[in-house]
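*Asks:* Prediction below, plus the sequence it came from.
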Amino acid sequence: MYKEEDLVRIAKRENNTKRKYLVVNRLQGKHIPVSPKNAFEMFDALAELVKEAYSGEQLLLVGFAETATAIGAALAVKLDTYYMQTTREEIGGVNYLFFSETHSHATEQKLIRTDLDLVIDQMDRIIFVEDEVTTGNTILNIIDIIEKVYGKRVCFSVASLLNGMNEQARKRYEERNIQLHYLVKTNHDSYTRIAESYCGNGMYCSSSTQMPEVELKMLTVSDYRNARRLNRGGDYLKACKKLWEQICSGIEIGTGQKILVLGTEEFMYPALLTAKYIEEKGNFVRCHATTRSPIAVSKEEHYPLHTRYELVSLYDKGRKTFLYDIERYDKVIIMTDSDSEEKEGIYSLVHAVHSCGNQEIYFVRWC
């Protein structure tokens, strides 16, 4: 069983007066580089709780962008349920359900209604998957919208790695018969004070949008599956395995190497699964991802993040994204599902990775 100290690190949000702290899960593979084996063991533990609670029910799992997309996909794959994720990206030719995540730096979220329409009548329960739940307000926002649009045809639950809800928040959920499942109960009373105690004196790096002097090896992979659209867990896993097979055809993966696999923003699960396969071949592997979250970095040894790289998003050149704590590796494999032809995002990310001494860099595009 996991304990709070196993998972929780407190970081300081930058320029966010709504909530000054950020709960950083050190095993999740988002902000902090992680062994994929440790991440999947944690996801599997949460999947077991859901499996025990709802055996025999038809489930739709919804992972929250961007931080919980890998968790949601991992649970859907483990349980072979229907899955889709929320998104902040634009998908052509669909209708959305819009809702807000008020404490976030990027508040607007959406779920593709076009796909939800296809399965809502077949589902017994929708389970919202999160990394961490504090007030539960965001999930209540989307539940209210779903009930308004479809009527009360389905039950709701929440599965999260961490749950920091106070008694008042838990009571609201209990009154609406929304079940909560989590690995660790957290208490946020001290988190603001902890966050404010940090100096924020880490290293802040603005990455160049000029291509550095490094040979970037590009690989485009076919048979893309978009997790923002409706998928069955087993089908999504098969697609990700084909992705891995194509990566092996284009990149020599040996043994005994130190390798980094980087996902991009909402695109996390395929990168984490690829990292797991590379790790199983006998390599030292770490995986994390770029993020929209501007988090303060600090020199304190016990602070979770020490160096921040400011990047141009691969999905929108007008958007800033960030990457934290890169080291030097034998190989770096960047993975994305961005189909943008703009080069600024690619170059800024490659420049950040190269600035840490990385020479063998691969860019894998699945779209």
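*Replies:* Alright, I've got the coordinates.
*Asks:* Assign a three-state SS to the residue nearest to I295 when sequence neighbours are not counted, would you?
*Replies:* If you skip the residues right next to it in sequence, I295 has A11 as its closest partner in space, 5.1 Å away by C-beta to C-beta, 6 or more residues apart in numbering. Backbone N, C-alpha and C define where each C-beta goes, glycine included. Going by DSSP: H, G, I helix; E, B strand; the rest coil, the secondary structure assigned to A11 is strand.
*Asks:* and the spatially most central residue of the chain, what does it touch?
*Replies:* Geometric centre of the chain, nearest residue: T67, 3.2 Å, by C-alpha atoms, centre = their mean. With contact set as C-beta atoms under 8 Å, 6 or more residues apart in numbering, T67 has these partners: 28, 30, 131, 291, 293.
*Asks:* now it: how far from S160?
*Replies:* When C-beta to C-beta, to the nearest Å is the yardstick, T67 and S160 sit 11 Å from each other.
*Asks:* what do the two both touch?
*Replies:* Listed as contacting both T67 and S160 by C-beta under 8 Å, 6+ apart are D131.
*Asks:* ok so, going back, local confidence estimate at the residue nearest to the centre of the chain?
*Replies:* According to the predicted model, the pLDDT of T67 comes to 95.
*Asks:* Also L323?
*Replies:* Listed pLDDT for L323 reads 98.
*Asks:* How about the contacts made by it?
*Replies:* Contacts were defined as C-beta under 8 Å, 6+ apart; by that measure L323 touches 262, 288, 290-291, 308-309, 311, 349, 352.
*Asks:* does it sit in a helix or strand, and which one?
*Replies:* L323 belongs to strand 320-324 when assigned by DSSP states H and E.
*Asks:* Residues contacting the helix or strand following that strand, please?
*Replies:* Tracing the chain C-terminally past strand 320-324 and defining elements by DSSP H and E, one meets strand 331-336 next. Taking C-beta under 8 Å, 6+ apart as the criterion, the residues outside strand 331-336 that touch it are 247, 251, 257-264, 267, 270-271, 274, 278, 314, 349-350, 353, 358, 360-367.
*Asks:* ditto for stretch 225-238
*Replies:* Identification of contacts with stretch 225-238 by C-beta under 8 Å, 6+ apart yields 61, 63, 69, 73, 75-85, 87, 89, 91, 112, 115-116, 118-119, 239-240, 266, 269, 337.
*Asks:* just to revisit the earlier point, just the CA coordinates for the strand holding L323, please, in CSV.
*Replies:* Extracted as CSV, the C-alpha positions of strand 320-324 are listed here (Å, rounded to 0.1, in the frame of the first residue of the first chain):
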residue,chain,number,x,y,z
LYS,A,320,4.3,28.2,-24.0
THR,A,321,5.0,24.8,-22.5
PHE,A,322,7.6,23.6,-20.0
LEU,A,323,9.9,20.7,-19.3
TYR,A,324,11.7,20.0,-16.0
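*Asks:* buried stuff in it?
*Replies:* Using 16 or more other C-beta atoms under 10 Å as the test for burial, strand 320-324 gives 321-324.
*Asks:* Next, report how far it is displaced from the centre of its chain.
*Replies:* Relative to the mean C-alpha coordinate of its chain, strand 320-324 is positioned 13 Å out (C-alpha atoms, centre = their mean, to the nearest Å).
*Asks:* what ranges of the stretch 251-367 of the chain fall below the confidence cut-off?
*Replies:* Regions of the stretch 251-367 of the chain meeting the criterion pLDDT under 70 are absent.
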